[in-house]
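> what follows is a protein structure lacking sequence information:
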């Protein structure tokens, strides 16, 4: 299924389950299908949620435009807000993991008002204009675009079906969320990380900066936490509590 963004870009999404709508945004180079096959989507659907899983532009089955004009500041939040509007969701939950957590934060800063929200796999840096891994990703992607030999340890980024040019443009779309904006977000929001994730060090600070934030951990580092069964359990507990 697809919706069209304001600029005509096709944004793909999957749906799983029936019940209260829950929009779940994946991470950098991830996809909706990854959240179904490896992540918590099935457990959330089994708990009684209608799980809506968009593919971010440049990812999965969504369009991956190479034109820089298709990547203005905050475009991922734009796409998320337009998806919510297109699906007529006025009473829903909002969850994001890693880059998806940054997108959720910007959606909240821009006025999204789900009943509750979860920002997972992110720390205080998600409110900054530059992501903590932006420099390394930019260097890697630039090398791919130039056709330079790729270190085998970085092969994963090619295997994800994401266009390197599109992802480079994406890195330039990040927008900061000032402290005053964070404090004004009224939505009860859980900041959730793996207990071995580097983001865990500053995630409590992000929770404290939000108008109604709280912090939890689940087992694992950044990658392992996403597939840990405890992730779905904690999200379900928070959303239904």
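Structure's in. What do you need? What you see is a predicted model, and the numbers here were worked out from it, not measured in a lab.
> average model confidence for stretch 26-35?
Averaging pLDDT along stretch 26-35 yields 95.
> ends of it, how far apart?
7 Å (C-alpha to C-alpha, to the nearest Å).
> make sure residue 107 is indeed in a helix.
Yes. The assignment for residue 107 by DSSP: H, G, I helix; E, B strand; the rest coil puts it in a helix.
> tally up the residues packed near it, please.
27 (other C-beta atoms under 10 Å). Bear in mind the C-beta positions are built from the backbone N, C-alpha and C, glycine included.
> next: residue 236.
Around residue 236 there are 18 other residues, counting by other C-beta under 10 Å.
> now do residue 97
When neighbours are counted by other C-beta under 10 Å, residue 97 comes out with 30.
> for the one 5 residues further on, same thing?
Other residues within reach of residue 102 by the criterion other C-beta under 10 Å amount to 26.
> and it, how far from residue 189?
Residue 102 is 13 Å from residue 189, where distance means C-beta to C-beta, to the nearest Å.
> with residue 10 instead?
With distances defined as C-beta to C-beta, the gap from residue 10 to residue 189 amounts to 30 Å.
> more neighbours: the two, which one.
More crowded of residue 10 and residue 189, by other C-beta under 10 Å: residue 189, with 26 against 14.
> show the pLDDT at the more buried one.
We note a pLDDT of 98 for residue 189 in this prediction.
> not counting sequence-adjacent ones, nearest residue to it?
Closest residue in space to residue 189, ignoring its immediate chain neighbours: residue 117 at 4.5 Å, by C-beta to C-beta, 6 or more residues apart in numbering.
> touching, that neighbour and residue 95? I think so.
Yes. Taking C-beta atoms under 8 Å as the definition, residue 117 is a contact partner of residue 95 at 7.0 Å.
> give the residues shared as contacts by these two.
residue 104 (C-beta atoms under 8 Å, 6 or more residues apart in numbering).
> got the phi and psi for residue 22?
phi -140, psi 110 (degrees, to the nearest 10).
> and the pLDDT for it?
Residue 22 is assigned a pLDDT of 98 by the prediction.
> cool, and residue 154?
You'll see residue 154 listed with a pLDDT of 66.
> ok, the one 5 residues further on next?
For residue 159, the model assigns a pLDDT of 61.
> got the contact list for the residue nearest to residue 189?
93, 94, 95, 104, 108, 187, 188, 189, 190.
> beta partners of it?
With DSSP bridges as the criterion, residue 117 is bridged to residue 94, residue 189.
> for residue 35, see how far away it is.
16 Å.
> which residues of the chain fall in helices?
Using DSSP state H, the helices found in the chain span residues 32-37, 41-46, 75-86, 99-109, 134-145, 155-159, 164-171, 179-183, 203-209, 222-227, 229-240.
> residues contacting the one residue sitting closest to the centre of the chain?
In the chain, the centroid-proximal residue (C-alpha atoms, centre = their mean) is residue 100; its distance is 0.5 Å. By C-beta under 8 Å, 6+ apart, the residues touching residue 100 are 24, 25, 26, 27, 30, 56, 120, 121.
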